[in-house]
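In: what shape does this take:
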Amino acid sequence: MSSIVRKFSIGIALFAMTSSLGLAQDRQIAGTNCTNPVVPSIPGDAGQDVETLLDAQDAVQAFMADSNAFIDCLENVMDRRSRRGLNQETSDLWTASINGNIDAQETIAAAFNEQVQIYQASED
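Out: Sure thing, here's the model as predicted:
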């Protein structure tokens, strides 16, 4: 197994253990300072070229970090506001935003992992 493939395999394992994702939009959530990040696009041919795959990996990692910061931010706002009486409609809306972000994380992780598998298959 080449060192690049080994690195990708390790990266995928770490990625799977530390990531959760959703279809997010780059928009600030009303009533908060929390911004839901844009989901990066993973080129369908990223698995054919190591440089494109590495660029996609960087984009996914940045998205994951931004997504986790978004989720933490919104959970903190919800926690603070719930002590003062957060209404159910707002709570449901913010919870749906978190769940959508988590779904986006899972979707982008699957798309990236598919491209890694294509790359690995081309190396065999």
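
In: check F112 and give its pLDDT.
Out: Looking at F112, its pLDDT stands at 95.

In: what's it sitting at in phi/psi?
Out: phi -70, psi -50 (degrees, to the nearest 10).

In: how about the contacts made by the closest residue to it other than its chain neighbours?
Out: Leaving aside its sequence neighbours, F112 sits nearest to V60 (CB to CB, 6 or more residues apart in numbering; 4.9 Å). For the C-beta atoms, the positions are set from N, CA and C on the backbone; glycine is no exception. By CB atoms under 8 Å, 6 or more residues apart in numbering, the residues touching V60 are 15, 40, 42, 108-109, 112.

In: what is the most widely separated pair among those residues?
Out: Pairwise distances across the contacts of V60 (CB to CB) peak at 13.7 Å, for the pair F15 and P40.

In: ok, which stretches of the chain are helices?
Out: 3-18, 50-84, 88-123 (DSSP state H).

In: now render those as a markdown table, adding distance to C34.
Out: A markdown table is the format used below for the helices of the chain (distance: least, CB to CB, whole Å):
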| stretch | distance to C34 |
| --- | --- |
| helix 3-18 | 20 |
| helix 50-84 | 4 |
| helix 88-123 | 8 |
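
In: lowest-confidence stretch among those helices?
Out: helix 3-18 (a mean of 44).

In: count of neighbours near the nearest residue to E75 once chain neighbours are set aside?
Out: Excluding the flanking residues, the one nearest E75 by CB to CB, 6+ apart is I98, at 7.1 Å. I98 is flanked by 21 other residues according to other CB atoms under 10 Å.

In: dump the residue contacts of the residue nearest to I29 when sequence neighbours are not counted.
Out: Spatial nearest neighbour of I29, excluding adjacent residues (CB to CB, 6+ apart): S97 at 5.8 Å. S97 sits next to 29, 36, 74 when contact means CB under 8 Å, 6+ apart.
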